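*Asks:* Structure for the following, please:
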Amino acid sequence: MNPPAARPRSQRKQDALQRLQQDVDAWISTADPEKGTPYLVPLSFLWDGADLVIATPANSPTGRNLQATGVVRVGVGLTRDVLLIEGTVDTVAAGDVDGDLADAFAAKAGFDPRESSAVYLYFFVHPHRVLAWREENELAERELMRGGHWLVD
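*Replies:* Numbers count the residues shown, from 1 in each chain. Alright, predicted model coming up:
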C-alpha cells in the first residue's frame, strides 16, 4: 500500500490547527517528579487559539505531576495522523478561570469541572514544540513549532 503524498508543512500546520479546533480528547503524558514514573491519561481539551486547556482533579496523578513539574507531552489524533505537543503549563483554580472560557470548555468537553464535588484545576498548556505526521514520508519535516514559534506561516 502506497501512502498519500507528503503534505507540505504549511498544509500540516493548517490541518493541525483544524484538528485542535475539532478534536475533543487528547492523550496527556506526565511524569512523577521524584520517581520519573510516566503517567498517560486521556482528557478532554479546548484549544483557545494559543493554548490547550485541560482540566483534571488537583489530587489526580496528572494534576499532581503537572503542578510539580510544569511540563507535559500531549498526543492528539490517530497513530497515522498525529500531533505531538510538548509544552509547559500554567495552573488555574476552577473558580479563577474566565467564565466564557470555562463555559466553552464545558460545552466542548461535555462536563463542567466547576460543578464537580472534586477540586478541579485547569491547566493551560503552552506549546513549545509541535510535531505532525501521517506516514513515514512526512517524518523529515514533522516539526512545525520550535521554541513556541511556528516554523511556517
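
*Asks:* separation between P33 and L43?
*Replies:* Distance, P33 to L43, by Cβ to Cβ, to the nearest Å: 19 Å. All C-beta spots, glycine's among them, are computed from the backbone N, C-alpha and C.

*Asks:* Compare the two (neighbour count), which wins?
*Replies:* L43 (18 against 14; other Cβ atoms under 10 Å).

*Asks:* What lies in contact with the helix or strand hosting the more buried one?
*Replies:* For L43, the host element (DSSP states H and E) is strand 38-47. Residues outside strand 38-47 that contact it (Cβ atoms under 8 Å, 6 or more residues apart in numbering) are 17, 20-21, 23-32, 52-56, 60-62, 65, 74, 76, 101, 104-105, 108-111, 125.

*Asks:* Doesn't N59 belong to a strand?
*Replies:* No: secondary structure of N59 (DSSP: H, G, I helix; E, B strand; the rest coil): coil, not part of a strand.

*Asks:* That one and V119 touch, don't they?
*Replies:* Yes: assessed by Cβ atoms under 8 Å, N59 is found in contact with V119 at 7.1 Å.

*Asks:* quick one: strands adjacent to the helix or strand containing V76?
*Replies:* Using DSSP H and E, the element containing V76 is strand 71-78. Neighbouring strands of strand 71-78 in its sheet, by DSSP bridges, are strand 25-31 (antiparallel), strand 81-93 (antiparallel).

*Asks:* what angle separates it from strand 38-47?
*Replies:* Angle of strand 71-78 versus strand 38-47, following axes from the mean of the first three to the mean of the last three Cα atoms, to 10 degrees, is 70 degrees.

*Asks:* Report the backbone C-alpha coordinates of strand 71-78 in PDB.
*Replies:* What follows is strand 71-78, C-alpha atoms only, in PDB (Å, rounded to 0.1, in the frame of the first residue of the first chain):
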ATOM      1  CA  VAL A  71       5.700  20.200  31.800                       C
ATOM      2  CA  VAL A  72       3.600  17.900  29.600                       C
ATOM      3  CA  ARG A  73       3.500  16.000  26.400                       C
ATOM      4  CA  VAL A  74       0.200  15.800  24.500                       C
ATOM      5  CA  GLY A  75      -0.800  13.400  21.700                       C
ATOM      6  CA  VAL A  76      -3.800  14.400  19.600                       C
ATOM      7  CA  GLY A  77      -5.200  12.300  16.800                       C
ATOM      8  CA  LEU A  78      -4.700   8.800  15.300                       C
END
